[in-house]
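J.: Sequence and computational prediction follow.
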Amino acid sequence: MLVKSEFPELNRTVTLESVEDLSKKLEELTRDLRKDILTPNPRKHPPTFTSTQVAEMCGIDRQKLQYLATREGADLPPGEVQSNGRIRNFTLAETRKWIQQVSPIPKSPLLEKGEGMGRILVTSNFKGGSCKTTTTMCLAQGLSLRGRKVLLVDLDPQASLTELCGLYAEKMLGEDDTVLPYIYDPNEVQLEDVVQHTYWDGIDVIPAHPTLYAAEFFIPAQIKKNDASFRFWGYLQNGLGSLRSKYDYIILDTAPSLSFLTINGLMAADSMVMPLVPESLDFISSVSFWSLFNDMTATFRAGGDGSKKFDFVSVLLSRVDNSATSSASIVRSWVQAAYGPWMSQTEVPASSVMSTGAVGLSTVFDVSKWEGGNKTLARVKDPLEEYCRWLDEFYIAKLGAEQ
């Protein structure tokens with residue numbers, strides 16, 4: 001005989017006042033958590049590099065590095081000699097100088113001409129948890145370690161990229177620090193006015209803030225006020241133009257939706273990277289993205305932007321689980337069939353390194369030495385470095401062909 005369990009009846013009514021109470025409680029909780037995990041500027045520090053690492057990045061042996069660092073009249077940073085006298089440690093800024101002056105990586109043609117040659121990339125995906133923001137930061141860090149100067153533009157009101165840059169959006173910033181002032185008055189405000197330096201040498205950022213969501217109300221209002229020729233998708237395309245001559249790459253991080261700012265980012269970009277976790281729901285979400293974006297192109301074509309072209313679209317498989325029980329191999333075949341040459345040959349594997357970094361709001365590039373072992377770290381870092389090399393060499397070759 002079944003005995004009916006008696007449970008106390010709970011009042012589950014939720015009033016607006018209780019929502020307010022919860023909001024305050026959560027704000028206090030996250031404030032305490034941030035003290036432990038966020039490590040914002042100036043407490044977030046870039047990695048340091050050993051002489052062996054710098055020599056490897058420059059394509060020389062350690063003896064050659066030692067000679068160049070100590071020869072009379074040398075203009076390369078000597079680094080800090082360790083107690084044993086055989087190893088030198090270099091800061092990120094010093095390492096970048098070595099790469100720019102010594103490595104065989106081609107010098108940047110993007111800035112040398114000063115003619116607005118910097119390229120704009122956008123990372124975009126509808127699906128949350130696609131590694132989009134982490135990939136954006138890793139691209140910036142990886143390209144900076146090839147000697148490039150990078151500007152990040154955070155277009156997501158969640159401001160996760162801003163916090164990866166070491167800026168606590170809700171406490172350190174306001175809407176005046178974002179693209180919003182420019183959106184409100186593009187004739188009076190320049191995007192250069194809101195660029196900020198980050199803890200990482202070679203990377204600047206235009207931050208985001210939760211109030212950035214106001215753009216999703218303001219832009220539609222402008223569409224109603226203006227005639228059919230109003231190019232609501234052209235704000236960023238116009239505003240970023242003057243910054244092209246100051247950066248090798250401008251990378252836009254968008255919200256996981258086809259918002260008005262996302263549309264602006266897509267139309268401003270020269271190329272697009274779509275991080276995609278090889279799982280069925282993520283794949284279906286990517287299909288929805290292209291379907292909705294295609295619907296929008298009718299408006300662009302009617303507005304005179306039908307000739308819009310991307311230099312490339314690259315679908316980058318991320319957080320790939322290659323275990324026997326994973327469906328990654330099946331979904332990978334779907335992605336290959338759907339995207340063909342758009343699918344990158346590089347894949348970023350799932351790893352405890354990435355999850356550990358997420359807890360501290362950092363990336364694999366932030367780690368000087370990982371306690372889990374250098375091989376485990378390299379398993380994730382190497383594909384990202386390879387992808388940055390491919391991307392940079394693509395544009396070096398493209399710009400060379402255009403001369």
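T.: That came in fine, so what should we check first? Since the structure is predicted, the reported quantities are computational estimates derived from the model, not experimental observations. Numbers count the residues shown, from 1 in each chain.
J.: where exactly do the helices run in the stretch 251-400 of the chain?
T.: Here the stretch 251-400 of the chain has its helices, by DSSP state H, counting those that start in this stretch, at 260-268, 280-302, 328-339, 352-359, 374-402.
J.: Pull out the buried residues from the last one.
T.: Residues of helix 374-402 classed as buried by neighbour count (16 or more other CB atoms under 10 Å): 377, 379-381, 383-385, 387-388, 391-392, 395-396, 399. (Each C-beta comes from the backbone N, C-alpha and C, glycine too.)
J.: Walking through the stretch 201-350 of the chain, point out its strands one by one.
T.: 203-206, 249-253, 271-276, 313-320, 343-349 (DSSP state E, counting those that start in this stretch).
J.: now the ones you listed in TSV, with mean neighbour count, mean pLDDT and distance to Q100?
T.: Below are the strands of the stretch 201-350 of the chain laid out as TSV (neighbours: other CB atoms under 10 Å; pLDDT from 0 to 100; distance: least, CB to CB, whole Å):
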stretch	mean neighbour count	mean pLDDT	distance to Q100
strand 203-206	24	97	15
strand 249-253	28	97	15
strand 271-276	24	93	24
strand 313-320	23	92	26
strand 343-349	19	92	24
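J.: For D185, which of these is the nearest?
T.: The closest of the strands of the stretch 201-350 of the chain to D185 is strand 203-206. By CB to CB, the value is 16.0 Å.
J.: Can you list the helices and strands that that closest one packs against?
T.: Judged by 3 or more CB pairs under 8 Å, 6 or more residues apart in numbering; DSSP states H and E, strand 203-206 is in contact with helix 132-144, strand 150-154, strand 196-197.
J.: so can I have CSV of the strands of the stretch 201-350 of the chain showing distance to Q336?
T.: Listed next are the strands of the stretch 201-350 of the chain as CSV, based on distance: least, CB to CB, whole Å:
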stretch, distance to Q336
strand 203-206, 33
strand 249-253, 26
strand 271-276, 12
strand 313-320, 9
strand 343-349, 6
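J.: Of those, which is nearest Q158?
T.: strand 249-253 (9.9 Å).
J.: CA atoms of that closest one as PDB?
T.: Taking Å, rounded to 0.1, in the frame of the first residue of the first chain, the C-alpha atoms of strand 249-253 are listed here in PDB:
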ATOM      1  CA  TYR A 249      43.300  44.600 -35.900                       C
ATOM      2  CA  ILE A 250      40.000  45.800 -34.400                       C
ATOM      3  CA  ILE A 251      38.000  42.900 -33.000                       C
ATOM      4  CA  LEU A 252      34.300  43.200 -32.200                       C
ATOM      5  CA  ASP A 253      32.600  41.000 -29.600                       C
END
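J.: What are the contacting residues of that strand?
T.: Outside strand 249-253, the residues within contact range by CB atoms under 8 Å, 6 or more residues apart in numbering are 110, 118-123, 132-133, 136, 139-140, 143, 148-156, 161, 236, 240, 243-244, 265, 268-269.
J.: List only buried entries from the residues you listed.
T.: Burial by neighbour count, 16+ other CB under 10 Å: within those this picks out 110, 118-123, 132-133, 136, 139-140, 143, 148-156, 161, 236, 240, 243-244, 265, 268-269.
J.: Residue ranges in the stretch 301-403 of the chain under the pLDDT threshold?
T.: The model of the stretch 301-403 of the chain has pLDDT under 70 over residues 301-306, 352-360, 369-373, 401-403.
J.: phi, psi of T123?
T.: phi -100, psi 130 (degrees, to the nearest 10).
J.: For the residue most central in space within the chain, give me the pLDDT.
T.: The residue lying closest to the centre of the chain (CA atoms, centre = their mean) is T136, at 1.7 Å. pLDDT, T136: 96.
J.: can you give me the helices in the stretch 51-200 of the chain?
T.: 51-58, 62-70, 92-102, 109-112, 132-144, 160-164, 169-172, 180-184.
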